[in-house]
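*Asks:* Please find the sequence and the predicted model below.
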Amino acid sequence: MSIERKVVDWIESRFGLKADVLRPVPEYSVNPFYWLGALTVIAFVVQVVTGMLMLIYYVPTTEQAYSSTLYIMNSVPLGWLLETVHLYGAYAMILLALLHLFRGYFASVHKKPREMMWVIGMLMGFVVLGFGLTGYLLTWTVVSYSATDVSIGMLNLLPEQVGPTLKFLLAGVGGDAARLTRFFDLHIVVLPAALLGLLLVKMWMFESHGAAEPVTGTKPSKDVPIFPNIVLYIGMIGSAFVALLLMAAVLFPIHLAPEFSPLAASTNVAQPEWYFLWMYQILKFTAAEGATCIPYYCIENIKLALGAVSILAVVLILLPFIDRSRKRDPAARPLYITLGIILAAEIAVLTYWGYVTPGVGIPNSQAVVVLLGTALSIAAMAGFTYWARNKMRGVQAVSPAVGAMALPFTHRKMTALFLLPLAVGSVTFASMVGSLKSSPPSYAWASVDLLVLVVSFCAMVMILKLIVNLNPGVRR
Amino acid sequence: MRMEEDQVRYVTSMLLVVLMAVIGVGLWSVDLLTMQGVFGTLLSAELMAFAMLSYLYSKPSLHEVRTSWVVAGLASLVVFLIVGLTVSA
């Protein structure tokens, strides 16, 4: 018997792994995309370990929060590494949770019988965002204080009926000292307990339902045992992830911003962290100012904007009960796939836009052009892809969707021709946004840009149609 | 002489274990007050070596182990060690 087998047998017998504690997983799920949730949990473990080590020195009072953080960074051996890994780990955790959400959406994992797994997963996502909100304040820098103030301000705008408990927990009563203590307690006790509880429920359901089948249908697949294969697989992706996190922390260590004081805050442009930036950008639109009145009732526009974001959150939570079709293949779900891509793109665009325009109000015309332009471009691209897919069905041996994607490589000259109106269109779009950004907005130039944009778009569509029709055997 | 699949895996894993032991000694012996960056990079390299070791044994057969992943792991290990040396210089 080989040494490896002896080691595996010893661990199996001593830890009781021979009894089937966890059921084996199908071979198709041994793929990093299936383990984004596990990676998020690994990021959480990194946060727990680094957070506990920092707790040894951190003092959660308004007088000492900043100085103790500074002490950890400058005087405690490896303290700066702990702080940096903790921050980058938080970013990674939020990013992984987002990727897990979108991967699940596009792969239709929310469909029967996994509806409640989706709902629990969404709640876990909100808990993860809660970690970001509550943890950011704890360093007590002017940047973190201002950013938290913005988030609390948004929360205070929510109608009282929406979440009095949530508002009390986060916005609460009392001054800075009470807020810091409350956020500290939420960050190290309430939220971890909530996340672990939800994780337990989700794991229970995962054991019952197993990993979701591939979207193209179930193929015969052999099972892979949890021990040693899956344990080693998770060990592999987890170790590589932590190694990259550590290396990023060594190469790009963080530096603490100045301490919060009312004077320092008055000169600082308040900006939330990147994961709340898209929401904040919406509130900077001119449309969010003022109020909308109907007979006998007036409501502030900023509350309407926040209401719309809240409705989006509720729709995402209840998605399994809205998208009830049994179809899981993206090729058979054009509406939901297009909407998902539009949502992801709008969040990315708003986040980047917020990053480059701190503290700048956004005119309505510019907002409409950017948001509508993004949505329409994606809708047009998705429409073309589905149209090309239908045209090419049965022409190529490979999957029709893949066939459509391979077109640019099989028709290089036509693709080069296509890139010309695409470049003109992109430059024109940027010019149009710039025209609307100037004060006062230059509507004449914007109209000319719009005309060129429409012509470029029509040219692109014609060239794309030509490329598809050039393909031998296409149904006409 | 042609090595069998188990032997290839055994030899590779032994090399990785030796590498991990060497890096471990380095981790133990660096001065935590003056060489904190080196400690971070060495710990990264240690974890990457462990990731490669786990990958080798996560597949039931060596035929399923993708060479590109092994090469990527080795390349990152080398990069991490070079960064570690650069940080200490």
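*Replies:* Alright, I've got the coordinates.
*Asks:* What parts of chain A come near chain B?
*Replies:* Counting by C-beta under 8 Å from any C-beta of the partner chain, the residues of chain A close to chain B are A:2-4, A:30, A:77-78, A:80-81, A:224, A:228-230, A:232-233, A:235-240, A:242-244, A:246-247, A:249-251. The C-beta positions use only the backbone N, C-alpha and C, and glycine is treated the same way.
*Asks:* Show me those that map onto helices.
*Replies:* The helices in this structure, assigned by DSSP state H, contain A:3-4, A:80-81, A:232-233, A:235-240, A:242-244, A:246-247, A:249-251 from the residues of chain A next to chain B.
*Asks:* Can you list the neighbours in contact with stretch A:310-328?
*Replies:* The contact list for stretch A:310-328, computed with C-beta atoms under 8 Å, 6 or more residues apart in numbering or on different chains, reads A:101, A:105, A:107-108, A:110-112, A:114-115, A:118-119, A:122-123, A:126, A:158, A:162, A:213, A:215, A:333, A:336.
*Asks:* Now with 6 Å, please.
*Replies:* Contacts to stretch A:310-328, defined as C-beta atoms under 6 Å, 6 or more residues apart in numbering or on different chains, come from residues A:108, A:110, A:115, A:118, A:119, A:122, A:215, A:333, A:336.
*Asks:* residues touching residue A:133, list them.
*Replies:* With C-beta under 6 Å, 6+ apart as the criterion, the residues that contact residue A:133 are residue A:151.
*Asks:* near chain A, which residues of chain B show up?
*Replies:* By C-beta under 6 Å from any C-beta of the partner chain, the residues of chain B that approach chain A are B:32-33, B:36-37, B:40-41, B:43-44, B:47-48, B:50-51, B:54-55, B:57-58.
*Asks:* just to revisit the earlier point, quick check on the residues of chain A next to chain B: which are buried?
*Replies:* Burial by neighbour count, 16 or more other C-beta atoms under 10 Å in any protein chain shown: within the residues of chain A next to chain B this picks out A:30, A:78, A:80-81, A:224, A:228-230, A:232-233, A:235-240, A:242-244, A:246-247, A:249-250.
*Asks:* what helix or strand does the residue most central in space within chain B sit in?
*Replies:* Taking C-alpha atoms, centre = their mean, the centroid of chain B lies closest to residue B:49, which sits 2.4 Å from it. With secondary structure defined by DSSP states H and E, residue B:49 is part of helix B:36-58.
*Asks:* Likewise for residue A:268?
*Replies:* When elements are defined using DSSP H and E, residue A:268 is found to belong to no helix and no strand.
*Asks:* List the buried residues in the helix or strand harbouring residue A:185.
*Replies:* Element membership for residue A:185 (DSSP H and E) is helix A:176-185. The neighbour-count check on helix A:176-185 (16+ other C-beta under 10 Å) flags A:179, A:180, A:182, A:183, A:184 as buried.
*Asks:* any idea how far the second one is from residue A:423?
*Replies:* Between residue A:180 and residue A:423 the distance is 52 Å, computed by C-beta to C-beta, to the nearest Å.
*Asks:* Report the buried residues of the lengthiest helix in chain B.
*Replies:* Longest helix in chain B, counting residues (DSSP H): helix B:5-29. By neighbour count with 16+ other C-beta under 10 Å, helix B:5-29 contains the buried residues B:9, B:10, B:12, B:13, B:16, B:19, B:20, B:23, B:26, B:27.
*Asks:* Okay then, goodbye and thanks.
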